[in-house]
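>>> Predicted coordinates and the sequence they were generated for:
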Amino acid sequence: MASTHTPAHPAGPAAGTQLLDHPGPNGSEARDSAARGSDHAGAAGTAGHGDPFAPEVESSRHRLPRQTRGASPLLGVTAVAATLGATGFAAAPPAAAPAVEAPDETPVALAADPGLALAARIQQQADSQRTAAEESARLQAAQEAEAKAAAKEAEAKRAAEEAERAKAAALTLPVKDYNLSAHYGQSARYWAHLHTGLDFAADTGTAVYAVGQGTITSAGWSGAYGYRIVETLPDGTEIWYCHLSSIIKGSGEVTSGQQIGKVGATGNVTGPHLHLEVRPGGGAPVDPEPWLQQHGLNP
């Protein structure tokens, strides 16, 4: 009876079994060598029997392609990432680790490092000095501004006083439309003494103006002078306005050019005119013409 047992392959496992190759000194390379030897032996035996119907024995086994161990994981991850990217899925970013605040070590560092403590004290002193310098500069600027304001105010006051003095010093002629009919020092039969003033002949009622800023200290009837007004200037000089037909301002302060009376012919006169006398310090009369000229007036 024929045996149904299939003898094992003389070189190892059954011919239908494929061995996976593994790298290493005792792995795929050793088994490849053993397999090649067994294949050659089997082939020789078969050829020796001369079985024309026996299938041709493959000279080598089919093996899986050798792969580099280090490349397989990388290729797999790359493929998975490419697949996820193509399908629209992306790996969620890893959750950020909670921030851990480091404890403030400044006091410990300052206490432990004398150099840092010294630097901090120096910086504090510098800040204090800078603050003091800024405050001093601010106070100095305020004082300078106050001094400038005071100087400006003093200048304005001085200018006002100068203007007032100039106004007080400014003189004007007592009559605007006139003729000089008699001068100082002349003699005539109707004068008891030499002429003591300057006569401005004008029509009765012509306006008489204050020569300068001053105060009227006397006004009224004065014998041969007729109606008379006496004005005292700031320097004490007296101005007499005589032979007036009327008195408009009989007392008080007056300004230069202010009307104080009217031309007349009262007292010892031969016609209407204004008799003007100038008496420095309230003393004896002087020639009014040079005195007026000294004040910029030319009668």
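Sure thing, it's come through.

>>> measure stretch 178-198 end to end?
Terminal residues of stretch 178-198 lie 12 Å apart, using CA to CA, to the nearest Å.

>>> Just the buried residues of that stretch, please?
Neighbour-count burial for stretch 178-198 flags 178, 182, 184, 195-198 (criterion: 16 or more other CB atoms under 10 Å). All C-beta spots, glycine's among them, are computed from the backbone N, C-alpha and C.

>>> mind putting the residues you listed in a markdown table, pLDDT, secondary structure and distance to Trp240 included?
Listed next are these as a markdown table, based on pLDDT from 0 to 100; DSSP: H, G, I helix; E, B strand; the rest coil; distance: CB to CB, whole Å:
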| residue | pLDDT | secondary structure | distance to Trp240 |
| --- | --- | --- | --- |
| Tyr178 | 95 | coil | 17 |
| Ala182 | 90 | strand | 15 |
| Tyr184 | 91 | coil | 13 |
| His195 | 87 | coil | 13 |
| Thr196 | 91 | coil | 9 |
| Gly197 | 93 | coil | 7 |
| Leu198 | 94 | strand | 11 |
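
>>> nearest to Glu134, of the residues you listed?
Leu198 (71.6 Å; CB to CB).

>>> so who does the closest residue to that closest one other than its chain neighbours touch?
Using CB to CB, 6 or more residues apart in numbering and skipping residues adjacent in sequence, the residue nearest Leu198 is Pro288, 4.2 Å away. Counting by CB atoms under 8 Å, 6 or more residues apart in numbering, Pro288 touches 184, 197-198, 276-278, 299.

>>> quick one, phi/psi of Pro288?
phi -70, psi -30 (degrees, to the nearest 10).

>>> any idea which helix is longest in this structure?
helix 114-169 (DSSP state H).

>>> mind checking pLDDT for the residue nearest to Leu198?
At Pro288, the model reports a pLDDT of 96.

>>> before we move on, the earlier item: which among the contacts of Pro288 gets closest to Leu233?
For those, the nearest to Leu233 is Val278 (9.6 Å; CB to CB).

>>> In a strand, that closest one, correct?
Yes - membership of Val278 in a strand is supported by DSSP: H, G, I helix; E, B strand; the rest coil.

>>> That one contacts Trp291, correct?
Yes - because the distance of 5.0 Å satisfies CB atoms under 8 Å, Val278 is recorded as touching Trp291.

>>> Pick out whichever of these two has more residues nearby.
Between Val278 and Trp291, Val278 has the larger neighbour count (other CB atoms under 10 Å), namely 22 against 18.

>>> Any figure for the gap between the more buried one and Thr172?
To Thr172, Val278 is 14 Å away according to CB to CB, to the nearest Å.

>>> And Pro285, by the same measure?
From Pro285 across to Thr172, the span is 20 Å (CB to CB).

>>> hmm, back to that, check which helices and strands the longest helix of the chain sits against.
If contacts are counted by 3 or more CB pairs under 8 Å, 6 or more residues apart in numbering; DSSP states H and E, helix 114-169 sits against helix 106-112.

>>> Partner strands of the longest strand anywhere in the chain, with direction?
In the chain, taking DSSP state E as the definition, the longest strand is strand 238-247. Using DSSP bridges, strand 238-247 pairs in its sheet with strand 227-232 (antiparallel), strand 259-263 (antiparallel), strand 273-279 (antiparallel).

>>> Flag every buried residue along it.
By 16+ other CB under 10 Å, the buried positions in strand 238-247 come out as 238-245, 247.

>>> try stretch 207-217
208-214, 216.

>>> Kindly report the same for stretch 197-204.
Buried positions in stretch 197-204, judged by neighbour count with 16+ other CB under 10 Å: 197-202, 204.

>>> Neighbours of Ala284, how many?
Neighbours of Ala284 using other CB under 10 Å come to 9.

>>> Look at the residue lying closest to His243 once chain neighbours are set aside and say how many residues are nearby.
Once flanking residues are discounted, His243 sits nearest to Gly226: 4.3 Å by CB to CB, 6+ apart. When counting by other CB under 10 Å, one arrives at 18 neighbours for Gly226.

>>> residue contacts, Gly226?
Going by CB under 8 Å, 6+ apart, Gly226 touches 242-244, 264-269.

>>> That'll do, ta.
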